[in-house]
Structures are given as C-alpha cells and as structure tokens.
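> For reference, the sequence and a predicted model appear below.
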Amino acid sequence: MPTPPPPLAPLAILALGLGLGLAGCSQRKEEACPGDLVARLELRGTLAEAGCVVDPPGGWVVPDAAPPDPDPDDAVRPALETTFSYDPGSGQAAFCNGNRLAAVLLGTRTGDHLRLEATVSGAALSACAPGCLPRTTVVVEGDLAGPPGETPTSFSGTLTETLHDPEPSHDGSDPCAPCVLPCTSSYTFTGEAG
C-alpha cells in the first residue's frame, strides 16, 4: 500500500535545479543573466504547502509506526546557486541559476524586494497521466538583505509553482486526471552568500 509522497516530486526545486526547461530541453538556449550583478547566493527551499498531490486509488495508508521526523536543523538540503541581477535602464530584475537549459525569471525590484517569474511549457507529469503536459509558472518573491551600501548577503522569500493549462488530449478527456489543475505548491526560500 502506498504511503503519502511529497507533492509531485517537489517540482519547484527540481524545476529550478534542472533548469525550468522541464521539457523541450533541446529548444532552450543559454541565456545570460541580464543587467548588473546584485548578488550571488546559495538558496535552499523547504516545502510550505503541497497543493499538487495525487491521491492513489484506495487512498493513503499511514504506517502504524511512522519514523520520527528528522530535525530540520540537521537536514542537509542541496543549495541552488543563483544570481540576482538588475538593469536600471529597463527597471527589470532577473533570477538566474547558471544551468544552460534554465529559464531566466524576470520581474521587478523595489529597493531590496524582488518579484520574478517565468512560465514554461511541457512539464511531464507522469505521476498524473502519461500525456499530462501542463505549463508551469514559477514565481520567486522576497527580500535581499546585507550591510547598508554593500552587496546583499542573504535572501528570504518564497517560491510558488503553479501547474496549469495542460496540452489537450486527442480524445477530449482530461489529460491530467486524476490530478486537478491548476494547482499550486509553495516553498520558503532562504539564501546566503556562498
């Protein structure tokens, strides 16, 4: 009997780590992080809300004796090396992770507050159905911090990931059933200079 999994393999961390080009990798080109460097930080994410979860037929079975949750302070989470940049001429901020297949998240900067996003096609959600190919919108929002007048040394914010608008099926049925789209999962993100 299945036990509850994480939401669709925490796609946001996977999406950013593997490049936000969840499909069509051969279509992506390397993109430079536009603008002037604001900060290079190592970000780590923690699942805050699992909105994209698939229930198996028959429901979830909770084990009689679940292992204790690990101490979150002891958990080693992989870091995502990122660059935040800003183009004062256009007023556009950017979030880049250096993966040559990654989409660059673009958006706004107001002081040290950033809101950046990107939408890509072709996430393959085989946990839902073999033909489930939704669009994915990832939004990073939060605040940079550091000593006044110096390069920011930390970031605190959120990453939300919304799966939506799947490619239609050939027979007119819901291509993502049993998943219900749109759905949104969110993560808290913190980062420090590496």
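Nice, I can see it.
> Mind jotting down where the helices sit in the chain?
Assigned by DSSP state H, the helices in the chain fall at 11-18.
> What part of it, helix or strand, is modelled with the least confidence?
Ranking every helix and strand in the chain by mean pLDDT, DSSP states H and E puts helix 11-18 at the bottom, with a mean of 40.
> low-confidence ranges in this structure?
Residues of the chain meeting the criterion pLDDT under 70: 1-31, 53-77, 100-101, 122.
> rerun that using 90 as the cut-off
1-33, 45-47, 49-80, 97-103, 121-133, 149, 165-181, 183, 189, 194 (pLDDT under 90).
> out of all of them, which strand in it is the longest?
strand 36-49 (DSSP state E).
> Starting from it, tell me which strands it pairs with and how they run.
Paired strands of strand 36-49, with direction, are strand 80-87 (antiparallel), strand 183-192 (antiparallel) (DSSP bridges).
> What residues of the last one count as buried?
Taking 16 or more other C-beta atoms under 10 Å as the basis for neighbour counts, the residues of strand 183-192 that come out buried are 183-187, 189-191. Every C-beta, even on glycine, is put in place using the N, C-alpha and C of the backbone.
> Kindly report the same for stretch 136-152.
Buried residues in stretch 136-152 (16+ other C-beta under 10 Å): 136-142, 144, 152.
> Among these, which lie within strands?
136-142, 144.
> Let me have those residues in TSV, adding distance to Ala102 as columns.
Below are these laid out as TSV (distance: C-beta to C-beta, whole Å):
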residue	distance to Ala102
Thr136	13
Thr137	15
Val138	11
Val139	15
Val140	13
Glu141	18
Gly142	19
Leu144	20
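> Pick out the most distant pair among those.
The distance between the two most remote of those (C-beta to C-beta) is 24.8 Å, for Thr136 and Leu144.
> Burial check on the nearest residue to Val138 once chain neighbours are set aside, number of neighbours?
Sequence neighbours aside, Glu161 is the residue nearest to Val138 in space, at 5.2 Å (criterion: C-beta to C-beta, 6 or more residues apart in numbering). For Glu161, the neighbour count with other C-beta atoms under 10 Å is 26.
> now swap in Thr108 and tell me
14.
> what sits against it?
By C-beta atoms under 8 Å, 6 or more residues apart in numbering, Thr108 lies in contact with 91-93, 114-116.
> same question, Phe84
Neighbouring residues of Phe84 by C-beta under 8 Å, 6+ apart: 37-41, 93-95, 114, 144, 152, 155.
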